[in-house]
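In: Model the structure of this input:
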Amino acid sequence: MTERWEADSSANFARRLGRSAAELGESGGTTTCPDVWELSNGDVAVIGRDLTDSYTGRLPEGVSVGEDERVVIIPRSMIVAAKPDIPDA
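Out: The predicted model follows:
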């Protein structure tokens, strides 16, 4: 049986995937912006809006949000810009 994945809080931010929110025109002139980063252990950190409360009651069948999880939303342009930086395997 496969072990459950756990986030490693000791991993560091290694490199941005894609472009910054400012480069994509998604920052609104602020420094608190959505972002996508690869961590030093290969996991990915997403900085976005926490909309867990808005989505919890309308999740697709078979989808759930654990007590220690959040539904985080980022602009589509950010994930599209990150696509070339995301490895296939």
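
In: Is the one residue sitting closest to the centre of the chain in a helix, a strand, or coil?
Out: Nearest to the geometric centre of the chain sits Val46, at 2.3 Å (C-alpha atoms, centre = their mean). Secondary structure, DSSP: H, G, I helix; E, B strand; the rest coil: Val46 is strand.

In: Was I right to think it contacts Gly18?
Out: No. Counting by C-beta atoms under 8 Å, Val46 does not reach Gly18; the two are 11.2 Å apart. For the C-beta atoms, the positions are set from N, CA and C on the backbone; glycine is no exception.

In: Tell me how far the residue nearest to the centre of the chain lies from Gly57.
Out: 22 Å (C-beta to C-beta, to the nearest Å).

In: go on, Val36?
Out: 27 Å.

In: Just checking the distance from the least confident helix or strand in the chain by mean pLDDT to the centre of its chain.
Out: Counting by mean pLDDT, DSSP states H and E, the weakest-scoring helix or strand in the chain turns out to be helix 21-24, with a mean of 91. In terms of C-alpha atoms, centre = their mean, to the nearest Å, the centre of helix 21-24 is set 16 Å apart from its chain centre.

In: which residues are in contact with the very next helix or strand once past it?
Out: Using DSSP states H and E, the helix or strand that follows helix 21-24 in sequence is strand 35-39. Applying C-beta atoms under 8 Å, 6 or more residues apart in numbering, the external contacts of strand 35-39 come out as 8, 11-18, 20-21, 44-47, 74, 78-79, 82, 85.
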